[in-house]
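[1] dropping a prediction and its sequence here:
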Amino acid sequence: LAPAAAVVDISHDVAAHDVRAGSLLLWRTVPWLAPGVALAVVDPGVGTARRAVAVETAHPDGLWLVGPDNGLLGPAVAAAGGPRRAVALVDTDRYRPVPGPWGRTFAGRDLLAPAAALLSRGVDLSELGPPVDASTLVAGTVEDPVLTADGLSCVVLWVDRFGNAQLNAGPADLEALGSELAVTVPGDRPGATRHLPLHRADTYADLAAGVVGIVTDSYGLCALSADRRRAADLLGLRAGDPVLVGRRPSWS
Amino acid sequence: LAPAAAVVDISHDVAAHDVRAGSLLLWRTVPWLAPGVALAVVDPGVGTARRAVAVETAHPDGLWLVGPDNGLLGPAVAAAGGPRRAVALVDTDRYRPVPGPWGRTFAGRDLLAPAAALLSRGVDLSELGPPVDASTLVAGTVEDPVLTADGLSCVVLWVDRFGNAQLNAGPADLEALGSELAVTVPGDRPGATRHLPLHRADTYADLAAGVVGIVTDSYGLCALSADRRRAADLLGLRAGDPVLVGRRPSWS
Amino acid sequence: LAPAAAVVDISHDVAAHDVRAGSLLLWRTVPWLAPGVALAVVDPGVGTARRAVAVETAHPDGLWLVGPDNGLLGPAVAAAGGPRRAVALVDTDRYRPVPGPWGRTFAGRDLLAPAAALLSRGVDLSELGPPVDASTLVAGTVEDPVLTADGLSCVVLWVDRFGNAQLNAGPADLEALGSELAVTVPGDRPGATRHLPLHRADTYADLAAGVVGIVTDSYGLCALSADRRRAADLLGLRAGDPVLVGRRPSWS
């Protein structure tokens, strides 16, 4: 449908059914997506009444997102300036480039990818299906960090392949905490916690061997990192875990 | 040799030496391959007397397959309408774009890929090597299911990354069995079997939690599936395992 | 920056921080890289004073290499005929196609890839940064095998996905050893060794079941191999391990 399209494979490594991880990955890539059409499929509800949608965002360079309306697209749409228009994708026979007795289990191939291909060729969004009220799109959520008397309450968004634990906070969120930091992470037993000093660093190599620090990562977010070690393993952290970044006690 | 070719990577995930798995993967993709040249290499006999071949199929849109003549290509060639012409690829020096003291262990790079590249540029099959009798190509086999008094005797063709177990049967093969189905799979001990009710479903989400059903999958074949669970793990199934789909006993 | 560039993904499978493995992988691909620009990033020192460089090699077909100056590029530069010119890449703001509050942790995206893109468009090396003395580039090393009274002392460069153990020796290096070979590899206990007969073969299938042989591989180097078995597992070998290839004792 679009043989001249330049296809960029952002990732095929999202775990099966993990809509949240997919939505965060897509959200992180928004600064590099426009102009373009982004196809995203993490779709445990394939074939059910969950909507398939194509969304035209307000991104000034032109960015469309295509996928299931299950929260996967929401954070990326918001990061791209919000939705301008949206349509539902319902006409499955129209889109299938290869007619066949296929089942209803692969909308990514049979509906969503063809719609993305048509958009990439310049077909107007309105030609792909009936309009839907953009305010009814499932938002998904990228949680904001919460500043409390104890510190900045964060969540681990992502553990990358080097073991860096990306937080839902940027360097500006840390300003209120001063220069001497500590981190509190879940402990080995339910309800237990571990407290460690947390060193600020510009790069991984600034950290001494085995020391955990906080670095502004390549997405501009704060990450718990270590030099040539997996910080997430040192701290026992996985995506979704709570992390409290606070002032370092004077006795520590 | 063909810098303008659009190269599509179907898969690099076939296990080492698993000619059967490679042949089934290639066979499943035939509806999306034409027009084109498909290069396939699972080649434990590289460098031996096994032939390397290029096959022109009868596919109306134009489909050529290039690979070792060890059964890898057979099912795909059959699905594409059968062979029209075939040649043996033997002139290794001619094909090597980079001359060098390389060994004879990588025909995929040194012989097969160059031949595919030349075909994609429009070079006629006859220029690539001496003709071979297409009836002598190794067929490989995609087994047909067998209807017995006990039910439909199938085999697991493939377990996909979601744990769906694809069978060598389509929905029409199930018609004789009625609407209430059961499945028999190998048990934990040699010779033992397990029997379970088998629910028909259109999509994964139609199945209740932990229940195994039979779905028409995205290739139009029957698959044993579960909602957000790995049906193959629930049933202890791997590719190649036998599966009997039968009528559900009245007492079950 | 270079939308018309044909991008070939050589590998994303080098282990984190393994500069040596990356340098060997890049070195092995040199015969297929020119004309072109090769971008390589294994960069544990990202953000530190280690230099980022772009190197124009003496390869007659035109080959540029871009990456950190930590030894990653050295063997490939040497294999391409040595360096002709080199520049340091220091102007980070100039290169970032997407301005943002990103951290200093991803020079591959923010500095090295943009520089490679500009080179691929024909921008002259001198426009990318200040010249550096090519003789000061970190060489890295591909060790040569050493012929001793006991045999040829080698090292395992690489274990491929089939379990072949590639050595730092070519077939010519074996000529002094005669036709009857044996191999000595590390044993189970520290300081212990294992001795096995080593069969010469042209292809994997020439080897009897379970027998380890030495084959000229697809890079023209000697590899310890077995037919449809992982020779490295049979011998307990990993990349970097020492291997002695010697004459087979008359009593073996």
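    Perfect, thanks for sending it. No experiment lies behind these values; they were computed from the predicted model shown. Residues are numbered from 1 along each chain as shown, chains lettered A, B, ... in the order given.
[2] okay, now the unreliable bits of the stretch 1-150 of chain A?
    For the stretch 1-150 of chain A, the stretches with pLDDT under 70 are A:92-94, A:96-97, A:99.
[3] ok and the residue in it nearest chain C?
    When distances are taken as Cβ to the nearest Cβ, the stretch 1-150 of chain A reaches nearest to chain C at residue A:31, 4.8 Å away. The way it works is simple: take the backbone N, C-alpha and C, and place the C-beta from them, glycine included.
[4] so where's the longest helix in chain A?
    Ranked by number of residues, the top helix in chain A under DSSP state H is helix A:19-29.
[5] CA atoms of it as PDB?
    Output of helix A:19-29 as PDB, limited to C-alpha atoms (Å, rounded to 0.1, in the frame of the first residue of the first chain):
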ATOM      1  CA  VAL A  19       0.000  -1.800  27.200                       C
ATOM      2  CA  ARG A  20       1.600   0.400  29.800                       C
ATOM      3  CA  ALA A  21       5.100  -0.400  28.700                       C
ATOM      4  CA  GLY A  22       4.200   0.100  25.100                       C
ATOM      5  CA  SER A  23       2.500   3.400  25.900                       C
ATOM      6  CA  LEU A  24       5.600   4.700  27.700                       C
ATOM      7  CA  LEU A  25       8.000   3.500  25.000                       C
ATOM      8  CA  LEU A  26       5.900   5.300  22.400                       C
ATOM      9  CA  TRP A  27       5.700   8.400  24.500                       C
ATOM     10  CA  ARG A  28       9.500   8.600  24.900                       C
ATOM     11  CA  THR A  29      10.000   8.500  21.100                       C
END
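[6] distance between stretch A:147-161 and the chain's centre?
    Relative to the centre of its chain, stretch A:147-161 is centred 15 Å away, using Cα atoms, centre = their mean, to the nearest Å.
[7] my bad, stretch A:207-221
    Its chain's C-alpha centre and that of stretch A:207-221 lie 20 Å apart, by Cα atoms, centre = their mean.
[8] and that stretch, end to end?
    Stretch A:207-221 stretches 18 Å from its first residue to its last (Cα to Cα, to the nearest Å).
[9] and stretch A:71-80 with chain B, contact?
    No. Contact of stretch A:71-80 with chain B (Cβ under 8 Å from any Cβ of the partner chain) is absent, the minimum separation being 15.2 Å.
[10] quick one: end-to-end length of that stretch, please.
    Stretch A:71-80 has an end-to-end distance of 15 Å (Cα to Cα).
[11] what does it rub up against?
    Residues outside stretch A:71-80 that contact it (Cβ atoms under 8 Å, 6 or more residues apart in numbering or on different chains) are A:19-20, A:22-24, A:26-27, A:29-30, A:33-34, A:38, A:40-43, A:53, A:55, A:57-59, A:63, A:65, A:67, A:83, A:137-142.
[12] take the residues you listed and keep only those in strands.
    Assignment to strands by DSSP state E places the following of those there: A:38, A:53, A:55, A:57, A:63, A:65, A:67, A:83.
[13] list the contacts of the nearest residue to the fifth one once chain neighbours are set aside.
    Excluding the flanking residues, the one nearest residue A:63 by Cβ to Cβ, 6 or more residues apart in numbering or on different chains is residue A:34, at 4.1 Å. Applying Cβ under 8 Å, 6+ apart to residue A:34 gives the contacts A:59, A:60, A:61, A:62, A:63, A:80.
[14] cool, residue A:182 as well?
    By Cβ under 8 Å, 6+ apart, residue A:182 lies in contact with A:151, A:195, A:196, A:197, A:198, A:245, A:246, A:247, A:248, A:249, A:252.
[15] how near is it to chain B?
    Applying Cβ to the nearest Cβ, to the nearest Å, one obtains 38 Å for the distance of residue A:182 from chain B.
[16] next: residue A:119.
    20 Å.
[17] hmm, back to that, farthest pair within the ones in strands among the contacts of stretch A:71-80?
    Within the ones in strands among the contacts of stretch A:71-80, A:53 and A:63 form the most distant pair, 14.4 Å apart (Cβ to Cβ).
[18] if you count what's nearby, which of the two comes out ahead?
    Each of residue A:53 and residue A:63 has its neighbours counted (other Cβ atoms under 10 Å in any protein chain shown); residue A:53 has more, 27 against 23.
[19] who's the more buried one bridged to?
    residue A:67, residue A:88 (DSSP bridges).
[20] residue A:46: what's it in contact with?
    Residues touching residue A:46, when contacts are defined by Cβ under 8 Å, 6+ apart, comprise A:68, A:104, A:105, A:106, A:107, A:108, B:203, B:204, B:205.
[21] 7 Å - rerun?
    Listed by Cβ atoms under 7 Å, 6 or more residues apart in numbering or on different chains, the contact set of residue A:46 reads A:105, A:107, B:203, B:204.
[22] what about the longest helix of chain A, near chain B?
    No. Residues of helix A:19-29 contacting chain B under Cβ under 7 Å from any Cβ of the partner chain: none, with a closest distance of 10.9 Å.
[23] got the contact list for the residue in the stretch 151-252 of chain A positioned nearest to chain C?
    Minimum separation of the stretch 151-252 of chain A from chain C (Cβ to the nearest Cβ) falls at residue A:203, amounting to 2.9 Å. Under the criterion of Cβ under 7 Å, 6+ apart, the contact partners of residue A:203 comprise A:215, C:46, C:47, C:48, C:104, C:105.
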